[in-house]
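1. this is a predicted model, with the sequence first.
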Amino acid sequence: MNSPEDTEYRLFTEAVKAWWTTFGGVSAIDLAEKAQIPHGDAMRFVESWVEAGRGTMNANVELNLVSVPSPRSSEKFSFTSINTHIFFPSREELTEHFYSSGNARTEPPEFKKRLMCGEHQLALSFFSEEVLARYFSHLDWYEVDDSSAGGHIRTTAESPSDRFIDVRFGKGRALDGKTFVTAIYKDLYCFSDSEQRHWHAYEIARPNLDPNDENLRLFAARTYDGAWVEFPKPLKAVQDSLVKLNSKFSPHPLFGRLENEHLRMPVENTNKALADSCSELYKIVGSDSLKPKPLKALLQYKFEKTEDDFIHSSGRPLSALQLVELVERELELVNGLSDAIKNIAKYRVEADHKVLSTSSDKQSYGEEFELLCKQFVSAANLFADALEAKNVT
């Protein structure tokens, strides 16, 4: 016959093993069944562990034991109500058992190890923005849904087996203005070993969170409250504004290109990353996409301009952007679309013609890129609304 000490040791070991399997608590009912002891005795063991500081419990939880009838039996399902304790081993106990049991020698990946040592499944871990760069570099391996508040990354069928990832990540801002990426341990633990090593390499200490950060609030509402929230997507807003403007120039669109698979938010907090993102953005809003033909048609048929008006004082034809400026003057628009495009072009020129520093002189280049997108969207929508108001479409 086992001594009470042996029974208690076995029972506590079962509680630790249950945590390593589910990363959650274990009921006194399950412990009693494992040790083949009365349920009441298992509850008293749990209470003694809590008193000794070896863990915590949800006391007197009402559960229902389900009795399943055998096949072709005339009996019915039955439910028996029972009160029990749910026990959660402490971090100290879980860590001690992790290292004494030999699990440490198996070298589990970082985030699994932390869960085994007592980290909460829904706790957050924090990372520098650079952690996302590898996924935008291999869009053939990963599906990436990105926004200002976070997004979703998952592997495709073409990705290598050691690159498995399926994570809903968030973005936030610390009190010092620096931005970060965050994810819950439940998602991090499910990564392949290779992906866990990648994210661990970019981990940062827990920042002092900005209580007024709307983006992190949205991520928390979706993650913890299950709320149906829309994350702000500056790039989609730009594309929507292009569609709206094109509709005013139908059947000849003002912008010939609406998509760019390389267009993304800056994934590094550097001037170079900002310039690279602006360079890709310019490909859908700048001279390569902007068409002079619909602008000339508008100016000729609605504002009675002639071909002579489309010639610069230097003798050269006006560019598409200069034609936009001419339309803005006719519509009496200030801080217009042309200015927004020029602001983006400034960074595009730097990306294409300068050797840029990779230093982080500003707190958030990502927020600066978002501002450029918002300025463009606002100007584009004002341009479209002005055309509609004057009935010139």
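-> Sure thing, it's come through. It should be emphasised that the depicted structure is a prediction, and the values quoted were computed from it without experimental measurement.

2. quick one: the helix or strand of the chain with the lowest mean pLDDT to chain centroid distance?
-> For the chain, counting by mean pLDDT, DSSP states H and E, helix 337-353 ranks last in confidence among helices and strands (a mean of 84). Between the centre of helix 337-353 and the centre of its host chain there is 27 Å, according to C-alpha atoms, centre = their mean, to the nearest Å.

3. same question for stretch 323-339.
-> 37 Å.

4. list the buried residues for it?
-> By 16 or more other C-beta atoms under 10 Å, the buried positions in stretch 323-339 come out as 323-328, 330-331, 333, 336-339. C-beta: built from backbone N, CA, C; applies to glycine.

5. which members of these are the farthest-apart pair?
-> Of all pairs drawn from the buried residues of stretch 323-339, the one with the largest separation by C-beta to C-beta is Glu330 and Asp339; the distance is 16.2 Å.

6. hang on, the earlier thing: could I get the buried residues of stretch 323-339 as TSV with distance to Thr84?
-> Putting those into TSV (distance: C-beta to C-beta, whole Å) gives the following:
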residue	distance to Thr84
Leu323	76
Val324	72
Glu325	75
Leu326	78
Val327	74
Glu328	73
Glu330	78
Leu331	73
Leu333	70
Gly336	69
Leu337	67
Ser338	71
Asp339	68
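
7. ok, those vs Ile82, which is closest?
-> Where the buried residues of stretch 323-339 are concerned, and distances follow C-beta to C-beta, Ile82 has its nearest neighbour in Leu337, at 69.1 Å.

8. surely that closest one touches Ala380?
-> Yes: with contact defined as C-beta atoms under 8 Å, Leu337 and Ala380 form a contacting pair (5.7 Å).

9. in contact with the residue nearest to His138 when sequence neighbours are not counted, which residues?
-> Once flanking residues are discounted, His138 sits nearest to Ser159: 7.6 Å by C-beta to C-beta, 6 or more residues apart in numbering. Under the criterion of C-beta atoms under 8 Å, 6 or more residues apart in numbering, the contact partners of Ser159 comprise His138, Trp141, Tyr142.

10. flag every buried residue along stretch 284-302.
-> Counting neighbours by 16+ other C-beta under 10 Å, stretch 284-302 gives Ile284, Val285, Gly286, Ser289, Leu290, Lys291, Pro292, Pro294, Leu295, Lys296, Leu298, Leu299 as buried.

11. got it, and stretch 265-284?
-> Buried residues in stretch 265-284, counted by 16+ other C-beta under 10 Å: 265-284.

12. burial measure for Asp210, as a count.
-> Asp210: 18 surrounding residues under other C-beta atoms under 10 Å.

13. OK, contacts around it?
-> With contacts defined as C-beta under 8 Å, 6+ apart, the neighbours of Asp210 are Gly172, Arg173, Ala174, Leu175, Leu216.

14. which pair of those spans the longest distance?
-> With distances taken as C-beta to C-beta, the most widely separated pair in the contacts of Asp210 is Leu175 and Leu216, at 11.9 Å.

15. what about those two, which has more around it?
-> Ranked by neighbour count (other C-beta under 10 Å), Leu175 and Leu216 place Leu216 first, with 23 against 12.

16. which helix or which strand is home to that one?
-> Taking DSSP states H and E as the definition, one finds Leu216 inside helix 214-224.

17. how about the helix or strand just after that helix: buried residues?
-> Per DSSP H and E, helix 214-224 leads on to helix 234-248 as the next helix or strand towards the C-terminus. Of the residues in helix 234-248, those buried by neighbour count under the rule 16+ other C-beta under 10 Å are Pro234, Leu235, Ala237, Val238, Gln239, Ser241, Leu242, Lys244, Leu245, Asn246, Lys248.

18. show me what contacts the closest residue to the fifth one other than its chain neighbours?
-> Sequence neighbours aside, Leu258 is the residue nearest to Gln239 in space, at 5.7 Å (criterion: C-beta to C-beta, 6+ apart). Taking C-beta under 8 Å, 6+ apart as the definition of contact, the neighbours of Leu258 are Gln239, Leu242, Val243, Asn246, Ile284.

19. for the fourth one, which non-adjacent residue is closest in space?
-> Distance criterion C-beta to C-beta, 6+ apart; nearest residue to Asn246, sequence neighbours excluded, is Pro253 at 4.0 Å.

20. can you give me how far whatever helix or strand comes next after the least confident helix or strand of the chain is from the chain middle?
-> Next along the chain after helix 337-353, taking DSSP H and E as the criterion, comes helix 365-389. Its chain's C-alpha centre and that of helix 365-389 lie 24 Å apart, by C-alpha atoms, centre = their mean.
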